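K.L.:
I'd like to go over a predicted model; first the sequence, then the structure.
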Amino acid sequence: MSAVNETIHAEPVMDPLPPHFEAARHYTRWLSVGAGAALALAVIAFVAQLFGYDTPAPLIAYALPLATVLYATGRMTRLRDDARQSREAGDGRLVTMAQTRLEGFGREGIAVAFSVGGAAGLGASVMVARGGIEATPGGTLTVLLGLAFGGVAFLSLVASRASTAIPRRFLPEAPGLADWLRGLQWLALLTGVGLLARTVPLLSLDWGRWLAFVLLALSALCALELWIRGAWHALRTRSGWIEGEVPVRLVTLATVFHGRGPLHGVLDISEGHLGLSLRSTWAIGFVRRSLGLLVAGLACLLWTSTALVVVRPEEQGLRLRFGRLASAVPVDPGLHLKRPWPFETVERYTVRRAQLLSLGYAGPPKDSLLWGRAHAGEEYQLLLGDGRELVSVDATVTYRIRDVRAFALAFQNPREALDALAYRLLLRATVATDLDHLLTADRAPFARRFTADLQRASDAEGLGVEILHVGFVSLHPPVGIAEAYEDVVSAEIERETRAARARVDRETALPAAEADAARETREAEGESARRLADARGAAAGFLAARSAARAAPELFRFRRRLEAVEAALADRSLFVVDHRLQSGSGAFWIDLRAAGPDTAKTEKR
Amino acid sequence: MAPILVRWTTALAVVIVILASGMTFALREGHVAVVTRFGAPRMIVTDAGLHAKWPWPIEQTLTLDARNRVFNSRFAEVLTHDKKNIVLRTFVVWSVGNPLVFVQAVGDLATAEDRLDGLVTNAKNAVLGQYDLAALVSTDPATLKIPEIEGAILADVQGIARDRFGVTLHQVGLKQLGLPPENVSFVFEQMRTERRQFAARYRAEGDRDASDLRAQTDLEVARVLADGQQKAAEIRAQAEAQAARIYAEAQGQDPDLYRFLRSLESLKTVLGGRATVVLRTDATPFSLLTSLGSSDEAGGTPRRNRK
């Protein structure tokens, strides 16, 4: 371990290497074997995950980049060796060719390999994280797997130690590879411990699972850094022999898995990369000296803080001493002292807040509650009316915990218990009725009765809840036939409409008839008035004529006659025939014997 | 000196914690623990609190939640005694009754509920086969036998669950009663037809009421008009009678003169616009045409001759 540091101190990573390397061909084989082994490990971890053993899953994400790093280093070592050999042979053409290949791999090859390896590792960790890390089943196979990973850890330890011992002139990547292998060593060890911890019921916590999460995060971080390294390597400006070395040293690994602890790792990296010697700073020295004490103090503080518990305004708590109820009186809201974990725990329950239980439709409510449209989720139908009818029910039960002790201790799933009781009561309440009765029944008393029944049932089960309210949001025929029911309502309205229309007609026809009748009467009255006036006028005229006639009857008569003749004959076709004109045996003749002059005159006016 | 003391104290504390956590276990309220020594059951702990045991691998504890638990069985289609298919959903309230049997026979809650589901479904089929549909749903409350059915299912299952699975069943309840999807469409059709009948009736009633009202209106209109006409006729008749009286009163004083005047009136009226009149010269005033002096009083009767 100290060898690494000395090496780093002597030759900072960024320094260009001397233009030739010692013969290192035999390392190539070992590096290839290592890359193969890392791939195999990834495959094993993947297969284990397929069979439900999720704990080793982070190793997939770690082993893939590791294999890439080992492979790249191996290939680089071979190319360097080729270049050295060609130089020693003195063949100029071969030297140029080997040099070109070396530089080519140093530029593009590493960039591509790191990007692929980093992406594969990151992809694997995302895949594992999305699939979720479940608790690994306990059993013999788990123990065996745990032991196997212990073996892997041991092998990694050996490999890591071996690589630190390799002089940098043979393999300049040796310190970086040592970090990678140390990382594998810890990962495998912790995975093994996690698997074994699953079979040891030391504490109820599932250690393996939590370890796996931490390790997965670490692996993802390594993969990400490798990827960035690859990309950076492709972009940066190059100079001389810098292409001769694979940049395998990750900040993440050096920080976490450094031989003498994380602080040393950070200091080494900062010194290596920045040329700063933070070790000599007084503050850092102080921190280093008192780090143990600090950590211990922090742990103590954390532990003592478990002696405090805050119960929120809507909550009540149950104080459990080693799982046993310490006091029958619940812990009220506020700050309370208790014995620290694991001696006492306080379980908190939301007691004062009204909680909602939906009967009928599961899922979030939609904006409108119409009969003909499905509400949220699955429609809840109940059979009724002698088994020939169905009704859709949608109700909400509002409740609150009344006795937190009963609520916590009577049932494992008190909410589901309340749900079951409510459904059972709903069933009982509907089977004996039919749809018409149910739809027309008064909802309020029904809901009140239901509330009381549900309270009684939950008390009988010792649920410790108080039913605040039961609301029948909707109670209606199933969605499929709601339209038929609505049509009945429409028909009822139509019945009224038709009658109303007839009433309107009646209201207009009757007054019109009355008006007609009245007009007729008025006309008759007018006519009779005229008739009477005529009669009176005529009578008055007659009386006047009579009094006139009485004075000179003959003259009056003569005058009236002539007036009448005048009036009658005016404007008439008139023939005046001589009164002496006689006819006899087919001839007309005038007898002039009595009169003077003979005239046969026909006058036409 | 001090660092060594700190180190030893820390190490001792860690060892004590590990030993304490290995040699004790805490049991929560409502739980039971089965303690096994090298796999063989040694004791069952039901009291909540801290208990001692030998550390792993000598003794191991298996903790079970012994509180009541509600389990909703799946929808199951069953056939009633009168061969009606219905879909029935039940719930079961159960708890771990015999922890040892439970651990040996079932192991965990999910498996237990799986077994219970099978048991209850089986019992449901058997029990409901003895009852008619009317025992489950009926408008006549006397035929309903739901508590009896629930009791029968519980009785059927209770013994087996206790003996075989170490499970105590407290309750079996019917939760939902429905129809298989195939039957639902027929029930819907039937309900729809029934509703249509109501709708048709309401509409017909509306028509009937409307036509009733219209007929009545027509009748009343006719009556009102007839009344009006009758009244008008009466008024006219009265006026006529009165006029006749007035005429009679006046003309009765000199009937001869009336006859004369009326004849003259009649003459004027009778001779229409296009009448052609033929008169003799001996009629006044044409007598003047033949003899200037002679005056013939009794003028000839004019002869009318219509063209």
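P.N.:
Nice, thanks for sending it over.
K.L.:
quick one: the strands in chain B?
P.N.:
Secondary structure of chain B (DSSP state E): strands at B:24-27, B:31-37, B:40-45, B:49-52, B:59-65, B:69-72, B:76-79, B:85-96, B:167-178, B:276-280, B:303-305.
K.L.:
And chain A, by the same measure?
P.N.:
Counting by DSSP E, the strands of chain A are A:308-311, A:315-321, A:324-325, A:334-337, A:344-350, A:355-359, A:381-384, A:389-401, A:465-476, A:573-577, A:581-584, A:587-590.
K.L.:
Return the most buried member of these.
P.N.:
Highest mean neighbour count among the strands of chain A (mean count of other CB atoms under 10 Å in any protein chain shown): strand A:381-384, with a mean of 24. (C-beta placed from N, C-alpha, C; glycine too.)
K.L.:
what's near enough to touch residue A:315?
P.N.:
By CB atoms under 8 Å, 6 or more residues apart in numbering or on different chains, the contact set of residue A:315 is A:333, A:348-352.
K.L.:
Check what pLDDT it gets.
P.N.:
pLDDT, residue A:315: 92.
K.L.:
Equivalent analysis for the one 4 residues further on, please.
P.N.:
Residue A:319 is assigned 92 on the pLDDT scale.
K.L.:
quick one, what contacts it?
P.N.:
Residue A:319 neighbours (CB under 8 Å, 6+ apart): A:325-327, A:331, A:338, A:344-346.
K.L.:
Just give the closest residue to the residue of chain B found nearest chain A, not the sequence neighbours.
P.N.:
Per CB to the nearest CB, residue B:228 is where chain B lies closest to chain A, at 2.3 Å. In space, and not counting its chain neighbours, residue B:228 is closest to residue A:517: 2.3 Å by CB to CB, 6 or more residues apart in numbering or on different chains.
K.L.:
measure the one you found to residue B:214 for me?
P.N.:
Computed as CB to CB, to the nearest Å, the residue A:517 to residue B:214 distance reads 20 Å.
K.L.:
Mind checking which of those two has more residues around it?
P.N.:
residue A:517 (21 against 16; other CB atoms under 10 Å in any protein chain shown).
K.L.:
okay, the residue lying closest to residue B:247 once chain neighbours are set aside: pLDDT?
P.N.:
Nearest non-adjacent residue to residue B:247, counting by CB to CB, 6+ apart: residue A:535, 5.8 Å away. Residue A:535 carries a pLDDT score of 91 in this model.
K.L.:
again, but for residue A:9
P.N.:
So residue A:9 comes in at 43 (pLDDT).
K.L.:
And for residue A:373?
P.N.:
49.
K.L.:
so how many other residues sit close to residue 66?
P.N.:
No chain in the question, so chain A it is. 31.
K.L.:
was after chain B, sorry
P.N.:
Using other CB under 10 Å: residue B:66 sits among 19 other residues.
K.L.:
Distance of it relative to residue B:28?
P.N.:
Here residue B:66 is placed at a distance of 10 Å from residue B:28 (CB to CB).
K.L.:
per-residue confidence for residue A:205?
P.N.:
At residue A:205, pLDDT is 56.
K.L.:
ok, back up a step: can you list the strands of chain B in TSV and add distance to chain A, mean pLDDT and mean neighbour count?
P.N.:
What follows is those, written out as TSV (distance: least, CB to the nearest CB, whole Å; pLDDT from 0 to 100; neighbours: other CB atoms under 10 Å in any protein chain shown):
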stretch	distance to chain A	mean pLDDT	mean neighbour count
strand B:24-27	4	90	20
strand B:31-37	7	92	19
strand B:40-45	11	90	14
strand B:49-52	4	90	15
strand B:59-65	5	90	19
strand B:69-72	4	92	22
strand B:76-79	13	86	15
strand B:85-96	4	91	21
strand B:167-178	4	90	21
strand B:276-280	4	79	17
strand B:303-305	8	45	12
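K.L.:
any idea which residue sits dead centre in chain B?
P.N.:
residue B:195 (8.7 Å; CA atoms, centre = their mean).
K.L.:
Ignoring the adjacent residues along the chain, who's closest to that one?
P.N.:
In space, residue B:195 is closest to residue A:484, 3.9 Å off (CB to CB, 6+ apart).
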